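J.: below are the sequence and a predicted model for it; my questions follow.
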Amino acid sequence: MAVAAAAISMGIATAACGSPTKTSAAAAAPAPAPGHTVDLNVWTAFSGSLGTAFDHLVSQFNASQSQYRVTAVYKGSYSQVLSDTIAAFKAHAAPDISQIFDAGTATIMDSAGSYVPVYKLMSEYKIPFSTGSFIGGAASYYETSGDQLDSMPFNSSTPVLYYNKAELQAAGISTPPTTWSELESDASVLAAHGQKCALSSSGAYVMWTDMEEFSTWNGYPYANHQNGYTGIKGMQLKINSAPIVDHLALLGRLASKGEYIWNGVSTSTVPLFTNGTCAMYEQSSASLNTIEAAAKFPFGVAELPVVAGDKAAPQNTVVGGASLWVMSGAPAVHYRGDAEFLHFLMSAQSQAYWASNTGYVPVTPAGSSLLSSQGFYSSHPNDLVAVKELTNKAPTADSRGIRLGYLPEVRQVEASAIAAVLSGKQSAAAAVSSAETQGNTILAQFASQYGG
Amino acid sequence: MPPVFKHRLLPAALILPEVVVVVIFFIWPSGKALLEAFRQSNAFGLGARFSGLANFGSALHGGYLQAVEVTATFTAITTLVSMGISLFLAVQVESTGRLRPVYRTLFIWTYAVPGAIGAALWLFLFEPKVGPGARALEALGVHWNFALSGTQAFALVCALTIWQQSAYNFVFFSAGLQSIPDAVVEAATMDGAGPVTRFWKVVFPLLGPTVLFVTVSDVLAALFGSFAVIDVISQGGPGGSTTTLVYMLYRDGFQNGDVGLAGAESMLLFVLAGALLVVQFKVFNRRVHYR
């Protein structure tokens, strides 16, 4: 019966063959034979100017030696890279290196056997590498509970507050708000001066700016087990807390007056800031170059506001973006090349090139100091804000990062809750409480799959 | 009557291509899905182990009931409305004269537009604040933003599906109407039946087999074929208001990498769809008269 078959075949491709575990770590393999070039595939989500900057680094690496030839392949969005990597791994055709986004970290990290831990790979090939060679907010986000890096932090950004200098000045506001209550009163002042919308947030990642980073920046726990770093079993969200409920209620109040605008996860909010609709904008520092190119007015970048009266704030923000994972199952001769390529990418020169051409932060202190010594930050003070936020204080147990399985799914639930609050359909308390319940179901499913 | 084939191998060879296709594309994947439904593994397929009914437990938790409700509402609305529209149009077109082929082409062409392309087109028309359709709605006083309003997103997805499905139904209703002998209708006219009576007492009952076929096709299209439209328009959101069972299955299996859960969901969907079709055939078979 065709109907039956159609019904079931919807579920098929999900069920590709479970592949047997291959030899995970590559025992130090020799370099390729002279005259023989080994091709290495790197899958990324870098398109446009990011792709150009990454390709530049790749061609520099290729020109620097003759044993390996790296090819960067653009695979689409972050989640597409992850799902393609999974499908390719199951089909025994995984790339050598894959760029996995922040929210996918737990999914791959807990799938032991699918990757070669970068710290082991580096020690295998005697390449100097330690968690300490990366900046706090980036190292802490990707490190294991044993402080080791299974992947190499790469493109890293953090949310900052962009503000339209002309509009703030016209309303008589001399400096951008440093607390959320100040932002709310500034919004009324702006409205009184005819500037209706005061604030917008990232379109696709509002739950990242206003729930995840909001928590670490103000020093609140986001989930138990130190935000998921110390265990999988019994994982529970802690988002149903007064600060987060109050924060969403504040955004809801602003939204009801048109002072805050966000139009769902699939609508970009960048134009709302660059065309002058909204005076301030919470968005990733990685958007700096895009905003610079589009904004026809003087704008500044400030640190995110904190919760007024919170003594721990500001704590530190964590990185968003992605890290590079070395996949297992490749021929042994590939792994030395992987290690050398990663080593090349973390060099101060590569990091400085990458950061100054994209708006991402250098993930190594060496990269930042090279940029400082070149005078980059004195001519580009806006680029420095993200670095300051990430390194504001040494991370605490609650501000290392967010390590949740199925975090992309949890984010979908949170985005729904935010939409419900902003459209006035639900109160912040009801929306956050139901998001926490749904999120915990997702975490329980992850725990039953991964918790052994 | 003697058998047509004396040879044993020839018939086997003749049906082999069909069997191979069915086994590779239907039986094997279905078996895989059934197997995965009872197993749990990590996203990369490592560490798989038997997990009993755990996946079914997770599937029935959370958003499943909402997805069932969304799917049922979506299926009922799109099937009934698109059948109503297409039957009305087909009857009107059949009563026209020389321009009949022109009208027919005009009402059929939308079916030639692939779902994803139709959806992209509608997305452009109804883009909040920008699209002409969205501006027309704003002018009517509707605060149009389907990115935040679940009701509006659902309405948009329904309208688009109806637009496409009506064209498909139109083809079959037109054909069905043409196969009704003029003599029957004329006899009814002689007996003094007006156009409305003629339609409901004579024409509609004779369309019975077509109505059954179209209903089954529409229900299946709504259950399984709505994916492209939803993926382009709303990705199941906002707040799960356009997450049908099939979209949920896609998200869990392909985006979230939870093969076991998706396997369990596809089994549940299979049982649900199978049960629905059995009921449909039972109900209709009592009322449909095949000539």
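T.: Received it, and whenever you're ready, just let me know what you need. Numbers count the residues shown, from 1 in each chain, chains lettered A, B, ... in the order given.

J.: avg pLDDT for the helix or strand encompassing residue B:18?
T.: Taking DSSP states H and E as the definition, residue B:18 sits inside helix B:9-22. Helix B:9-22 carries an average pLDDT of 91.

J.: cool, stretch A:199-207 as well?
T.: For stretch A:199-207, mean pLDDT is 94.

J.: would the helix holding residue B:18 count as contacting chain A?
T.: Yes - judged by CB under 8 Å from any CB of the partner chain, helix B:9-22 comes into contact with chain A at residue B:22. In this view, the C-beta of every residue, glycine as well, is placed from N, C-alpha and C.

J.: what helices and strands are in contact with that helix?
T.: Helices and strands in packing contact with helix B:9-22 are not found; criterion 3 or more CB pairs under 8 Å, 6 or more residues apart in numbering or on different chains; DSSP states H and E.

J.: C-terminal to the one helix or strand residue A:59 maps to, what's the next element?
T.: According to DSSP H and E, residue A:59 maps onto helix A:48-64. On the C-terminal side of helix A:48-64, the nearest following helix or strand under DSSP H and E is strand A:68-74.

J.: which residues touch that following strand?
T.: The contact list for strand A:68-74, computed with CB atoms under 8 Å, 6 or more residues apart in numbering or on different chains, reads A:32, A:37-47, A:51, A:54-55, A:58, A:61-62, A:95, A:337, A:340-341.

J.: at 6 Å what do you get?
T.: Applying CB atoms under 6 Å, 6 or more residues apart in numbering or on different chains, the contact partners of strand A:68-74 are A:37-44, A:47, A:51, A:54-55, A:58, A:61-62, A:337, A:341.

J.: buried subset of those as a ChimeraX selection?
T.: To isolate the buried members of the contacts of strand A:68-74 in ChimeraX, using 16 or more other CB atoms under 10 Å in any protein chain shown:
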select /A:38,40,41,42,43,44,54,55,58,61,62,337,341
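
J.: mind listing what's buried in stretch A:189-209?
T.: A:190-191, A:195, A:197-209.

J.: show me how far that stretch is from its chain's centre.
T.: The chain centre lies 21 Å from the centre of stretch A:189-209; the measure is CA atoms, centre = their mean, to the nearest Å.

J.: next: stretch B:129-137.
T.: With CA atoms, centre = their mean as the basis, stretch B:129-137 stands 28 Å off its chain's centre.

J.: so for it, what's the average pLDDT?
T.: Mean predicted lDDT for stretch B:129-137 stands at 88.

J.: is that stretch up against chain A anywhere?
T.: No - on the criterion CB under 6 Å from any CB of the partner chain, stretch B:129-137 is out of touch with chain A, staying 8.9 Å away.

J.: now that stretch: buried residues?
T.: Buried residues in stretch B:129-137 (16+ other CB under 10 Å): B:131, B:133-135, B:137.

J.: and the furthest pair within those residues?
T.: Across the buried residues of stretch B:129-137, the longest distance by CB to CB is 9.2 Å; it joins B:131 and B:137.

J.: which ones are touching residue A:142?
T.: So residue A:142 contacts A:149, A:151, A:153, A:323 (CB under 6 Å, 6+ apart).

J.: on that earlier part again, tell me which of the buried residues of stretch B:129-137 fall in helices.
T.: Among the buried residues of stretch B:129-137, the members falling in helices (DSSP state H) are B:133-135, B:137.

J.: let me know the closest of those residues to chain A.
T.: Among these, residue B:134 lies closest to chain A (CB to the nearest CB), at 12.0 Å.

J.: okay, and the spatially most central residue of chain B sits in which element?
T.: Centroid check for chain B by CA atoms, centre = their mean gives residue B:221 as the closest residue, at 1.4 Å. In this structure, residue B:221 sits in helix B:208-224 according to DSSP H and E.

J.: hang on, the earlier thing: let me know the pLDDT of the residue nearest to the centre of chain B.
T.: Value for residue B:221, per-residue pLDDT: 90.

J.: other SSEs contacting the helix holding residue A:59?
T.: When contacts are defined as 3 or more CB pairs under 6 Å, 6 or more residues apart in numbering or on different chains; DSSP states H and E, helix A:48-64 packs onto strand A:68-74, helix A:348-358.

J.: among these, which comes closest to residue A:227?
T.: helix A:348-358 (26.3 Å).

J.: for the residue lying closest to residue B:96 once chain neighbours are set aside, the count of nearby residues, please.
T.: Closest residue in space to residue B:96, ignoring its immediate chain neighbours: residue B:103 at 6.0 Å, by CB to CB, 6 or more residues apart in numbering or on different chains. By other CB atoms under 10 Å in any protein chain shown, 17 other residues sit near residue B:103.

J.: my guess is residue B:103 is in a helix, correct?
T.: Yes - with DSSP: H, G, I helix; E, B strand; the rest coil as the criterion, residue B:103 is assigned to a helix.

J.: can you tell me which of the buried residues of stretch A:189-209 end up in helices?
T.: Among those, the ones falling in helices (DSSP H) are A:190-191, A:206-207.

J.: re the thing from before, the helix holding residue B:221 packs against which elements?
T.: Where contact means 3+ CB pairs under 6 Å, 6+ apart, helix B:208-224 is packed against helix B:64-94, helix B:150-178.

J.: most tightly surrounded among those?
T.: Ranked by mean neighbour count, the helices and strands packed on helix B:208-224 are led by helix B:150-178 with a mean of 21 (mean count of other CB atoms under 10 Å in any protein chain shown).

J.: quick check: what element follows that one along the chain?
T.: Going down the chain from helix B:150-178, the next helix or strand is helix B:182-190, by DSSP H and E.

J.: ok, and what's touching that next one?
T.: The contact list for helix B:182-190 (CB under 6 Å, 6+ apart) reads B:198, B:202.

J.: buried residues in the following helix or strand past it?
T.: Using DSSP H and E, the next helix or strand after helix B:182-190 towards the C-terminus is helix B:195-197. Judged by neighbour count using 16+ other CB under 10 Å, helix B:195-197 contains no buried positions.

J.: could you point out which element follows helix B:195-197?
T.: Later in the chain than helix B:195-197, the nearest helix or strand by DSSP H and E is helix B:204-206.

J.: and that following helix, how far out from the chain middle?
T.: Centre-to-centre, helix B:204-206 and its host chain are 23 Å apart (CA atoms, centre = their mean).

J.: same question for stretch A:419-433.
T.: Its chain's average C-alpha position is 25 Å from that of stretch A:419-433, according to CA atoms, centre = their mean.

J.: and what of stretch A:227-246?
T.: Using CA atoms, centre = their mean, the offset of stretch A:227-246 from its chain centre is 18 Å.

J.: quick one: secondary structure of residue B:250?
T.: helix.

J.: what is the neighbour count of it?
T.: Burial of residue B:250, expressed as a neighbour count using other CB under 10 Å, amounts to 23.

J.: ok, for it, nearest residue in space, not its chain neighbours?
T.: Nearest to residue B:250 is residue B:227, by CB to CB, 6+ apart, at 6.4 Å.

J.: so the nearest residue to residue A:83 once chain neighbours are set aside: helix, strand or coil?
T.: Leaving aside its chain neighbours, residue A:83 sits nearest to residue B:254 (5.8 Å; criterion: CB to CB, 6+ apart). At residue B:254 the chain is in helix, as set by three-state DSSP.

J.: show me the contact partners of stretch A:259-276.
T.: A:187, A:191, A:197-201, A:203-204, A:206, A:251, A:254, A:278, A:281, A:291, A:294-295, A:415, A:422, B:147-148, B:238.

J.: so of those, which ones are in strands?
T.: A:197-201, A:278, A:281 (DSSP state E).

J.: is it possible to get CSV of those residues that adds distance to residue A:138?
T.: Shown next, in CSV, are the ones in strands among the contacts of stretch A:259-276 (distance: CB to CB, whole Å):
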residue, distance to residue A:138
A:197, 33
A:198, 31
A:199, 27
A:200, 26
A:201, 22
A:278, 29
A:281, 23
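
J.: now those as TSV including distance to chain B?
T.: Listed next are these as TSV, based on distance: CB to the nearest CB, whole Å:
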residue	distance to chain B
A:197	13
A:198	18
A:199	16
A:200	13
A:201	14
A:278	14
A:281	18
